[in-house]
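Chemist: Provided below are the primary sequence and the corresponding predicted coordinates.
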Amino acid sequence: MKTSVMLMIAAALCTAVPAQAQQQLDLASARCKEFLDSSKENAGLIVMWLQGYYSEEDAPPIVDFEKLKANNVKIGDYCRKFPAHSISTAAEKVMAN
């Protein structure tokens with residue numbers, strides 16, 4: 001259920017992205033610089049995906065927009081300090097419990 005809700009939200013957000021936008025991002029190899037260089041919309045989608053990934057499996061299917069915004073700022077701050085680090089490293093530092 002949680003996965004399907006997150007996928008529906010992500011799909012709805014993707015429809016607002018211009019056709020010329022980047023189509024894929026491999027989070028296993030993407031660097032913080034790519035996060036910083038991405039559009040506001042794509043950065044939000046990345047953080048939303050990461051927040052879903054780092055949430056508990058049985059967490060309620062609630063989108064906490066304030067938490068998303070705070071995590072976006074935290075990842076951005078981390079990435080400005082360490083642009084060569086991977087986005088997944090930044091997320092682990094910021095989101096992992």
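Modeler: In hand now; what should we look at?
Chemist: average pLDDT for the lengthiest helix in the chain?
Modeler: Longest helix in the chain, counting residues (DSSP state H): helix 65-81. For helix 65-81, the mean pLDDT works out to 96.
Chemist: buried residues, it. List them.
Modeler: 71-72, 74-76, 78-79 (16 or more other C-beta atoms under 10 Å). Glycine gets a C-beta too; all of them are placed from N, C-alpha and C.
Chemist: skip the chain neighbours and tell me the closest residue to the residue nearest the centre of the chain.
Modeler: Closest residue to the average C-alpha location of the chain: residue 47 at 1.8 Å, with C-alpha atoms, centre = their mean. Counting by C-beta to C-beta, 6 or more residues apart in numbering, residue 47 lies nearest to residue 72, which is 4.6 Å off, once chain neighbours are set aside.
Chemist: just checking, the residue nearest to the centre of the chain touches residue 65?
Modeler: No. Taking contacts as C-beta atoms under 8 Å, residue 47 lies outside contact range of residue 65: 10.9 Å.
Chemist: could you measure from the spatially closest residue to residue 83 that is not a sequence neighbour over to residue 89?
Modeler: Leaving aside its sequence neighbours, residue 83 sits nearest to residue 33 (C-beta to C-beta, 6+ apart; 4.3 Å). Distance, residue 33 to residue 89, by C-beta to C-beta, to the nearest Å: 13 Å.
Chemist: can you show me the helices along this protein?
Modeler: Using DSSP H, helices in the chain cover 2-14, 32-37, 40-54, 65-81, 87-95.
Chemist: next, format these as JSON lines and append distance to residue 26.
Modeler: Below are the helices of the chain laid out as JSON lines (distance: least, C-beta to C-beta, whole Å):
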{"stretch": "helix 2-14", "distance to residue 26": "16"}
{"stretch": "helix 32-37", "distance to residue 26": "10"}
{"stretch": "helix 40-54", "distance to residue 26": "12"}
{"stretch": "helix 65-81", "distance to residue 26": "16"}
{"stretch": "helix 87-95", "distance to residue 26": "10"}
